[in-house]
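Peer 1: Need coordinates for the following:
(chains A and B)
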Amino acid sequence: MNIIQILLTSFLLLLIAVYIVYFWNKIFNRILFFVLFLVGLVLVFFPDLANKVAHWTGVGRRADLLLYLTIILFFAISIFLYSKVKNLQARQTEIVRRGAIEKVVQPRKPQEKTETPKAAKN
Amino acid sequence: MKIFVIIPCYNETSIIRQTVSQVLEAGYEVVVVDDGSEEDIWQQLADLPVHYLRHVINLGQGAALQTGMQYALEQGVDIAVHFDADGQHRAKDIDIMVAPLLAGKVDVVLGSRFMNAEYAKSVPSNRRLLLQMARYTNLLLTGLWLTDAHNGFRALNRKALKTIRITEDKMAHATEILQQINAKNLNYCEQPIRVVYTAYSKQKGQSLWNAVNIFFDLILNKVS
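Peer 2: Numbers count the residues shown, from 1 in each chain, chains lettered A, B, ... in the order given. Next up is the predicted model:
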């Protein structure tokens, strides 16, 4: 094992730990994360394999292939996050709106003709 | 006919009372939606017979209008009017705006500065040019060909109030309303109104950069 492999493996293990503690929920996330972790491991320990995939797909080097995949993944994640944020904003607006309507101050109605028994007695 | 004039308001303490008073004097019921103002709007209006709603945080003019419209619907109104807080709209134009709805001709009435040559002249020339160009972008984005593509003075009947739902909280709501009018086949017309440009309101107006922001908001809305 060389230094870069140790560093990258440690980093991947740390990411897993953080993910398990904070984000471990839906099944899709679990599968996706596991697949990405395995891909990451493979790329670290079998650089030649990565190179072969790169040549096969017509990309110059494995680093270029990784870059392209990363760009696409980044774009997809950005859209996903933007959509989540929009959703959150809509829910926030709904909460604030409900509060505003429930607490409305309406114009005082003109004095009612029939007084309450108490007032009438006075 | 129950008519509410909805006035969304953000920190317009210096002018809100004057605006509200003019609408009340014109004989209309007023709904003020305080959009999380840091200044004390209620203090300006406490003795006036208005409906007062307050967002606890600032959401944007679009959100404030929708809150007003939803409240109006729940109160059983027949017509709701969108009216600016900063004194740019004239209370006496409300009669003109509401007339086609009372006659049952359309569902939505949109104010226009450019239907009347005299009113058009009072629009600052740089803004006039920008707004003339905006007519074309507006046609592309909303499918409506209007003489005034960006006017906050609107009147809606009950059908329109139920049909239109503003989801753009900030300034893109103006275009969103037009898109919904088109998509849901609401009948509409424009009415000539005059916009009053004071030094106060001119410095507040839409900048070119806002137009860019609005454009991106609407495009991204289609993605998410």
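
Peer 1: Only C-alpha atoms from now on, for both contacts and neighbour counts.
Peer 2: Fine.

Peer 1: Is there any residue in the lengthiest helix in chain A that contacts chain B?
Peer 2: What stands out as the longest helix in chain A, according to DSSP state H, is helix A:62-102. Yes: using CA under 8 Å from any CA of the partner chain, helix A:62-102 comes into contact with chain B via A:79, A:82-83, A:86, A:90, A:93, A:96-97, A:99-101.

Peer 1: for the residues you listed, which one is nearest B:Gln18?
Peer 2: Within the residues of helix A:62-102 next to chain B, the smallest distance to B:Gln18 is 23.3 Å, found for A:Ala100 (CA to CA).

Peer 1: count of residues packed around the closest one?
Peer 2: 23 (other CA atoms under 10 Å in any protein chain shown).

Peer 1: now swap in the one 5 residues further on and tell me
Peer 2: Neighbours of A:Val105 under the rule other CA under 10 Å: 18.

Peer 1: what separates B:Gln191 from chain A, distance-wise?
Peer 2: 30 Å (CA to the nearest CA, to the nearest Å).

Peer 1: So what's the residue count around that residue?
Peer 2: Counted with other CA under 10 Å, residues neighbouring B:Gln191 total 22.

Peer 1: Run a quick check on it versus B:Phe114, I expect a contact.
Peer 2: No: contact criterion CA atoms under 8 Å: B:Gln191 and B:Phe114 do not qualify, at 9.5 Å.

Peer 1: Give me the next element, helix or strand, following the longest helix along chain B.
Peer 2: In terms of residue count, the longest helix belonging to chain B (DSSP H) is helix B:125-142. As assigned by DSSP states H and E, the chain's next helix or strand after helix B:125-142 is strand B:154-157.

Peer 1: tell me what that next one is packed against?
Peer 2: With contacts defined as 3 or more CA pairs under 8 Å, 6 or more residues apart in numbering or on different chains; DSSP states H and E, the packing partners of strand B:154-157 are strand B:79-82, helix B:93-102, strand B:108-112.

Peer 1: List the strands paired with that strand, with their directions.
Peer 2: strand B:79-82 (antiparallel), strand B:108-112 (antiparallel) (DSSP bridges).

Peer 1: would you turn those into a markdown table with mean pLDDT and distance to B:Leu139?
Peer 2: Below are the strands paired with strand B:154-157 laid out as a markdown table (pLDDT from 0 to 100; distance: least, CA to CA, whole Å):
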| stretch | mean pLDDT | distance to B:Leu139 |
| --- | --- | --- |
| strand B:79-82 | 98 | 22 |
| strand B:108-112 | 96 | 15 |
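
Peer 1: can you list the weak-confidence ranges in chain B?
Peer 2: Across chain B, the ranges flagged by pLDDT under 70 are B:200-211, B:215, B:217-224.

Peer 1: One more: chain A?
Peer 2: Across chain A (using pLDDT under 70), the flagged ranges come out as A:1, A:19-26, A:57-60, A:110-122.

Peer 1: re earlier: which strands and helices sit next to the longest helix of chain A?
Peer 2: Using 3+ CA pairs under 8 Å, 6+ apart, helix A:62-102 sits against helix A:47-56, strand B:51-55, helix B:61-74.

Peer 1: do that again at 6 Å, thanks
Peer 2: helix A:47-56, strand B:51-55 (3 or more CA pairs under 6 Å, 6 or more residues apart in numbering or on different chains; DSSP states H and E).

Peer 1: Considering the residues of helix A:62-102 next to chain B, which possesses the most neighbours?
Peer 2: For the residues of helix A:62-102 next to chain B, neighbours tallied by other CA under 10 Å; top is A:Arg97, 25 neighbours.

Peer 1: The helix or strand containing A:Leu36: how far from the chain's middle?
Peer 2: Using DSSP H and E, A:Leu36 falls within helix A:27-45. What separates the centre of helix A:27-45 from the centre of its chain is 18 Å, taken as CA atoms, centre = their mean, to the nearest Å.

Peer 1: Residue 74: how many residues sit nearby?
Peer 2: Using chain A here. 12.

Peer 1: was after chain B, sorry
Peer 2: Count around B:Glu74 with other CA under 10 Å applied: 10.

Peer 1: Ok, B:Gly104 next?
Peer 2: For B:Gly104, the count of nearby residues is 9 (other CA under 10 Å).

Peer 1: Over to B:Pro192?
Peer 2: A count of neighbours around B:Pro192, defined by other CA under 10 Å, yields 20.

Peer 1: mind listing what it touches?
Peer 2: Shown in contact with B:Pro192 (CA atoms under 6 Å, 6 or more residues apart in numbering or on different chains): B:112, B:115.

Peer 1: The helix or strand hosting B:Arg17: what's the following helix or strand?
Peer 2: If you go by DSSP H and E, B:Arg17 is part of helix B:16-25. Next helix or strand after helix B:16-25 toward the C-terminus (DSSP H and E): strand B:29-35.

Peer 1: So whatever helix or strand comes next after that next one, near chain A or not?
Peer 2: Toward the C-terminal end, the helix or strand that comes next after strand B:29-35 (DSSP H and E) is helix B:42-45. No: Helix B:42-45 lies out of reach of chain A by CA under 6 Å from any CA of the partner chain, never closer than 9.9 Å.

Peer 1: Go ahead and flag the most central residue of chain B.
Peer 2: Centroid-nearest residue in chain B: B:Gly152, 3.0 Å away (criterion: CA atoms, centre = their mean).

Peer 1: separation between that one and B:Gly111?
Peer 2: Taking CA to CA, to the nearest Å as the measure, B:Gly152 falls 7 Å from B:Gly111.
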